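Q: show me the folded form of this:
(2 chains)
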Protein chains: 2
Amino acid sequence: MRKKVFHELLSLEEAKEILFNAFKERRCLPIDVETISVKSALGRVTAEPVFARFSSPYFHSAAMDGYAVKARDTFSATEREPVRLKIGVDAHWIETGDPLPEDFDAVIPVEDVSIKDGYIEIYASVPPYNDVRPIGEDIVATELIIPESHVVRAVDIGAMLASGITEIKVRRKPVIGIIPTGSELIDAETIKERMPNPPELIEYNSAVLGSLVNELGAEAKIYSVIPDEENKIKNAILNALKECHIVLLNAGSGYGKEDFTYKVINELGEVIINGVAIKPGKPFIAGFIREKAVLGIPGYPVSAFLCFDLFVKPLIELYLGVSTKKQEQLKALLSRQISSSIGVDEFVRVKVGRVGENYIVTPMGRGAGLLMSVVRADGYVVVPRGSEGFSQGSEVPVYLWRSKEEINNTVVCIGSHDNTLDVLYNFLRKRFPHVTLSSAHVGSMGGLVAIKKGEAHIAGTHLLDEATGEYNVPFIKKLLPEKKVVLINLVYRIQGFIVKKGNPKNIKGFEDLTREDVVFINRQAGSGTRLLLDKHLKELGISPDTVKGYDRDEYTHMAVASAVLTGRADVGLGILSAAEALRLDFIPVTEERYDILIPQDFLELPIIQAVLKVIGEDEEFKKAVSLLGGYDIRDMGKIIYSN
Amino acid sequence: MRKKVFHELLSLEEAKEILFNAFKERRCLPIDVETISVKSALGRVTAEPVFARFSSPYFHSAAMDGYAVKARDTFSATEREPVRLKIGVDAHWIETGDPLPEDFDAVIPVEDVSIKDGYIEIYASVPPYNDVRPIGEDIVATELIIPESHVVRAVDIGAMLASGITEIKVRRKPVIGIIPTGSELIDAETIKERMPNPPELIEYNSAVLGSLVNELGAEAKIYSVIPDEENKIKNAILNALKECHIVLLNAGSGYGKEDFTYKVINELGEVIINGVAIKPGKPFIAGFIREKAVLGIPGYPVSAFLCFDLFVKPLIELYLGVSTKKQEQLKALLSRQISSSIGVDEFVRVKVGRVGENYIVTPMGRGAGLLMSVVRADGYVVVPRGSEGFSQGSEVPVYLWRSKEEINNTVVCIGSHDNTLDVLYNFLRKRFPHVTLSSAHVGSMGGLVAIKKGEAHIAGTHLLDEATGEYNVPFIKKLLPEKKVVLINLVYRIQGFIVKKGNPKNIKGFEDLTREDVVFINRQAGSGTRLLLDKHLKELGISPDTVKGYDRDEYTHMAVASAVLTGRADVGLGILSAAEALRLDFIPVTEERYDILIPQDFLELPIIQAVLKVIGEDEEFKKAVSLLGGYDIRDMGKIIYSN
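A: Presented below is the predicted three-dimensional model:
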């Protein structure tokens, strides 16, 4: 049944065409115009061309400090036979910007004359208008300063004022009304006073949508939350239509019992779009009420963000008559495959990094509820309707949310997860504001593979070799025999059991993991923590089959801690700082060494130098790591191995 | 003497190092911090990392509309033997976002079940947490949302609110005081009521500098104009220092009698920079008073703009702890040589266009007073101290003030000047907001050469062939024999004598140009208007030697009209619209055809299609051109010639 719905949906292109044409036909345009002061016009869009009222300069003026003269008086001057002009009669002291005296037509800079007994001596002839700024040198009266549909910049303001223009006509900012709906929603300000209680949800989409509106140069009008009641929603819309150009109804555009958007728009006006074959953002609705566009924006934050970008932004641009900057694009190689359903255009958030000569793109979590995936993403990749996805290693176009320059200054860190990396990220930003750290958590082994394949600048790793008891080096020698690398210590850290507060299941050791009443949560294969578990199980002769939950794995220490906190598991193996962050209990098992692996090729890159500076020299960083708890920084920055 | 001064000046690098080090050493930093509401944090810079206060979601909730069940109840379900669960007991209707009932751990979407007699039938087993958004799926309590030194975006606001953060610490906006000084300056608002009178100058630099400050996310405080009096300037600075982090003193940093910046800073504090070897911007001064930076910004608008970019912007970035976006850069071929003095870094404003595969860069007017050169420029080229310039055809790096995308969407028009081109530019922006027209006025012949060399998309031309009396075509056949082109008519226009109001010299024909009391202003060689003059002089047997001013030439009709208006000449040859724009008198001589030449290669480009649409189909455009006066649009858009 779900599939059937998809087939009935409009494609993205169809939906856009229907919406934009309806918008134009219904005369939601032309655009309102207002007259404003030029001094306050920064960023506004001109509604008509601006022509100079008068010239600038509007009188002949000196371009240098010196003496105003008549050019014809100087014609016979030479080095040998200088011309002498009486100061105050034939030559007048004049400063830059001063008007030329009547009948004078040239200026001789002060450094080119000698002064003797009330006369100046001139050693070379000057032509008329020498060192004079003639009328209109900069701007000639009536000339075009800036055209229509132009976004006013600082210099434009200067040129307009210089030519006598103090007020201009600009496009009025369209007012975009945002109505959050949902009986369970509470205003974000509420949580200043108390914690929310289920089923309450903090309403934050309106702040995101409002900020996006304001960023585009339109005006957001955010209304208070309306519960899921048909009549209240109707009234809210009718009220908003009185003062807004477009109204966004946030949430309620799905097919649930409490989704009233379709019904309400249908009864008050006309629905023209009901669902679009995109992911996220499928339940997008568009309609017109009283000749104004009313849009149903889905409730999931990523869907709302995407629908704004695809549908609301272009409408605002139509109002303002400008095209905002297009997203930068680049081609990058996929580090993992992306699969997607046929039938929808899917927008997959991605991380992008420049490692060596290549841009490497890695898909991120895809749920419509994962706002952090947008916060952390560098951009997105579109998997078109007709495609089932892209294979690993293929080159795909990436639409960037950050600038290419930022991407180029991003340290790509792939490997084991450690909370110290967050602190490192933060200190990098603090000390080197142009440098960013992007970390993907795929386990220690995954990090080594990424370094081998040239997909990462640095990798965090804590792989314990069962045979030698040595960390990392045996694995590097085996996996990357020909790569020139440096291994630098970051921290020693304590691994142990993360259990609920008070340790209700009384976990003491690995033997307890086989108990009938204990559910374990594991880390993914290839992670150092998993290796640690396997080593201990083997030593104790415990078969993994007897550990309930051995097959359920998570990718980070925090995710393991979160599983314990929320009751999905009783115990997991992880680091102390993760347990402490969520106020869980912790039973220490062992200290392990966590290192950073860097190919020698990258050592001289300024972004890697920045990393080394923070790790090697920053006392404040060391202190911040110590404060996390469970870390020993005795060897931080020390070279462990290099080949 | 001038040369000597240059040698004493600091280089740009030295000046920057001295200023930024002094700024850091004097503890003008660390930065003030303030706590603000997250909802109003768009664009602000975080002063500390932001960690999640609680998880999002903070309870297990349904990810779909459907039925909450216990996963273990569904384990035996198959297509043939569905499991039946009683609604209200073993299965509860649940909507997206609702909390899972106690002891329930999975959701089955409504479309995957059948409902019969108060029971749901399930046809496949579901695992625990099926279609459930577990606690912390998006954000886990204590995780890093955004780091320090991060510019807050719309999505960041959403993520912070979702995780319980309603207030954050951000860097306080540094307050930049701007004090305009100059006895001749009048506030721009004055000209709302009356015209300025020499030597009055409209003060507009403060509006430009203030807008630049605000654009960077700092706060501008603009003070009223202070006359050139030492004590008043001192008081103004001391007053501003009480409420500002940095004070800019605009004008007065030169060596004139009324330039007090050096003296004032030196007496109240310490001057650390007095002049820099850059052009424009040489008289830049920097100092410290009461441990705060006071900068002397030169008065010429281009110098002020450049000094802001080179010195003030980096200081603001130090305060905010972020690096603003670097200017985009591209490599382009020089269409003309640039020569520059040894000893200064010269910043030359340029136009850039993409024609075919190449970016072509053309230097513009270089006076420090030419603000319009900044308004019209696409960016700048730096000629370094050690270099005398660049030769034509060389590849130079260009720093862009407009985006590469805008450059790519710019129609490069080189050739004869006509006021209709301004109207065309304006209509292009109106109809196709992403398209820009950049026109360089080098005369008709220059336009043909530019087309031949692949440096222009279109050229305006009105070349009269003496032998045949035909316009343009004979020249095209001769100059571009192998180029496939289309020649399209834009207008017929009237050329004639532009004279002062009332025609005081009583000019009636070309014979009058030889009169002793008549000064002529010519157009440059290669312009159609000059050819027209030469044809008439030849026919009348007048030698150019007998025309006073024949050797003084201007590049546009408006410049010729301006020369007449300001008294530099009595008469020039030009078009009616130029005379009318400046309210001069006009004596018609002849009607001529003004065409647009386009290489066939470019016809299909969307930007050229846009031009053709406006010229060929836009009735409003035709009307606007007619209203200029002196134009006949009978053949507008007609193809005159194509090969």
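
Q: what's the first helix or strand after the lowest-mean-pLDDT helix or strand in chain A?
A: Here the helix or strand of chain A ranked lowest by mean pLDDT, DSSP states H and E is helix A:2-8, holding a mean of 45. Remark: after helix A:2-8, the chain's next helix or strand is helix A:12-25, criterion DSSP states H and E.

Q: counting by contacts, list what that following helix packs against.
A: With contacts defined as 3 or more CB pairs under 8 Å, 6 or more residues apart in numbering or on different chains; DSSP states H and E, the packing partners of helix A:12-25 are strand A:270-274, strand A:285-289, strand A:292-297, helix A:313-320. In this view, the C-beta of every residue, glycine as well, is placed from N, C-alpha and C.

Q: show me what the longest one is in contact with.
A: Meaning helix A:313-320. A:16, A:19-20, A:23-24, A:29, A:31, A:45, A:171, A:173-174, A:176, A:212-213, A:216-218, A:245-246, A:293, A:323-324 (CB atoms under 8 Å, 6 or more residues apart in numbering or on different chains).

Q: hmm, try it at 6 Å
A: Outside helix A:313-320, the residues that touch it by CB atoms under 6 Å, 6 or more residues apart in numbering or on different chains are A:31, A:45, A:171, A:174, A:216, A:218, A:323.

Q: and the angle for that helix with helix A:12-25?
A: Relative orientation of helix A:313-320 versus helix A:12-25 (axes from the mean of the first three to the mean of the last three CA atoms, to 10 degrees): 20 degrees.

Q: average pLDDT for helix A:313-320, rounded please.
A: Helix A:313-320 carries an average pLDDT of 91.

Q: helix or strand right after it?
A: In N-to-C order, the element after helix A:313-320 by DSSP H and E is strand A:329-334.

Q: around chain B, which positions in the stretch 251-400 of chain A sit nearby?
A: Where the stretch 251-400 of chain A comes near chain B, counting by CB under 6 Å from any CB of the partner chain, the residues are A:256, A:301, A:321-323, A:326, A:369-372, A:374-375.

Q: do that again at 8 Å, thanks
A: A:254-258, A:299, A:301, A:305, A:321-323, A:325-326, A:367, A:369-372, A:374-375 (CB under 8 Å from any CB of the partner chain).

Q: just the stretch 451-600 of chain A next, same as before
A: So far as CB under 8 Å from any CB goes, the stretch 451-600 of chain A lies against chain B at A:558-559, A:561-562, A:565-566, A:568, A:581-582.

Q: now do 10 Å
A: For the stretch 451-600 of chain A, the contact set with chain B under CB under 10 Å from any CB of the partner chain comprises A:552, A:556, A:558-559, A:561-563, A:565-568, A:577-578, A:580-583.

Q: might one say that A:Tyr223 is in contact with A:Ile176?
A: No: distance between A:Tyr223 and A:Ile176: 11.3 Å, which falls outside the contact criterion (CB atoms under 10 Å).

Q: pull up the overlap in contacts between those two.
A: Taking CB atoms under 10 Å, 6 or more residues apart in numbering or on different chains as the criterion, A:Tyr223 and A:Ile176 both touch A:240, A:244, A:247-248.

Q: if we can go back for a sec, and A:Tyr223 and A:Ile176? Which one has more around it.
A: The neighbour comparison of A:Tyr223 against A:Ile176 (other CB atoms under 10 Å in any protein chain shown) goes to A:Ile176, with 29 against 18.

Q: look up phi and psi at the more buried one.
A: Here is the backbone geometry of A:Ile176 (degrees, to the nearest 10): phi -110, psi 110.

Q: again, but for the one 10 residues further on
A: Dihedral angles phi and psi of A:Ile186 (degrees, to the nearest 10) take the values phi -120, psi 150.

Q: can you tell me the closest non-neighbouring residue to it?
A: Here the nearest residue to A:Ile186 in space, its sequence neighbours aside, is A:Glu200; by CB to CB, 6 or more residues apart in numbering or on different chains that works out to 5.0 Å.

Q: do the same with A:Ser335
A: A:Thr362 (4.7 Å).

Q: again with A:Ile36
A: A:Val170 (5.7 Å).

Q: strands along the stretch 501-643 of chain A, start to end?
A: When assigned using DSSP state E, counting those that start in this stretch, the strands of the stretch 501-643 of chain A occupy the ranges A:520-523, A:553-554, A:571-575, A:585-599, A:631-632, A:639-642.

Q: do stretch A:147-166 and chain B meet at all?
A: Yes: using CB under 10 Å from any CB, stretch A:147-166 comes into contact with chain B via A:147-166.

Q: ok, A:Thr546 - contacts?
A: A:513-515, A:537 are the contacts of A:Thr546 under CB under 10 Å, 6+ apart.

Q: nope, A:Val375 is what I was after
A: Per CB under 10 Å, 6+ apart, neighbours of A:Val375: A:349, A:401, B:138-139, B:145-146, B:153, B:155-160.

Q: shouldn't A:Asn408 be in contact with A:Ile607?
A: Yes: counting by CB under 10 Å, A:Asn408 touches A:Ile607, with 8.6 Å between them.

Q: phi, psi of the residue nearest to A:Leu9 when sequence neighbours are not counted?
A: Closest residue to A:Leu9 apart from its sequence neighbours, by CB to CB, 6+ apart: A:Ala277 at 4.2 Å. Backbone torsions of A:Ala277, given as degrees, to the nearest 10, read phi -80, psi 60.

Q: report how many residues lie close to A:Ala277.
A: What A:Ala277 shows, counting by other CB under 10 Å, is a neighbour count of 23.

Q: and the gap between it and B:Phe432?
A: 30 Å (CB to CB, to the nearest Å).

Q: and A:Val375, by the same measure?
A: A:Val375 is 35 Å from B:Phe432, by CB to CB.

Q: what does A:Gly88 give?
A: Taken as CB to CB, the span from A:Gly88 to B:Phe432 is 60 Å.

Q: out of these two, which sits in the busier spot?
A: B:Phe432 (19 against 9).

Q: I'd say the more buried one and B:Pro606 touch.
A: Yes: under the criterion of CB under 10 Å, B:Phe432 makes contact with B:Pro606 at 8.4 Å.

Q: which ones are touching the nearest residue to A:Gln392 once chain neighbours are set aside?
A: Nearest residue to A:Gln392, sequence neighbours excluded (CB to CB, 6+ apart): A:Gln337, at 4.6 Å. Taking CB under 10 Å, 6+ apart, we find A:Gln337 in contact with A:363, A:389-394.

Q: likewise A:Ser163?
A: If you count contacts by CB under 10 Å, 6+ apart, then A:Ser163 has A:50-56, A:58, A:136, A:138-143, A:145, B:191, B:202, B:204, B:371-372 around it.

Q: so which of those sit within strands?
A: In this view, these that belong to strands under DSSP state E are A:50-51, A:145, B:202.

Q: return the set of buried residues in stretch A:340-360.
A: If you call a residue buried by 16 or more other CB atoms under 10 Å in any protein chain shown, then stretch A:340-360 has these buried ones: A:340-341, A:343-355, A:359-360.

Q: out of the residues you listed, which sit inside strands?
A: Per DSSP E, the subset of the buried residues of stretch A:340-360 in strands is A:345-355, A:359-360.

Q: neighbours of A:Ser335, how many?
A: A:Ser335: 23 neighbours (other CB under 10 Å).

Q: gap between it and chain B?
A: With distances taken as CB to the nearest CB, to the nearest Å, A:Ser335 is found 23 Å from chain B.

Q: so who does that residue touch?
A: A:Ser335 touches A:350-351, A:353, A:355, A:360-363, A:392-393, A:412, A:414, A:440, A:442, A:450, A:453, A:455-456, counting by CB under 10 Å, 6+ apart.

Q: for A:Cys562, which non-adjacent residue is closest in space?
A: Not quite, residue A:562 is Ser, not Cys. B:Gly136 (4.4 Å).

Q: next: A:Glu395.
A: A:Glu395 sits nearest to A:Lys331 (CB to CB, 6+ apart), 5.3 Å away.

Q: which members of the ones in strands among the contacts of A:Ser163 are the farthest-apart pair?
A: Taking CB to CB, the two most distant members of these are A:Phe51 and B:Ile202; they sit 16.5 Å apart.
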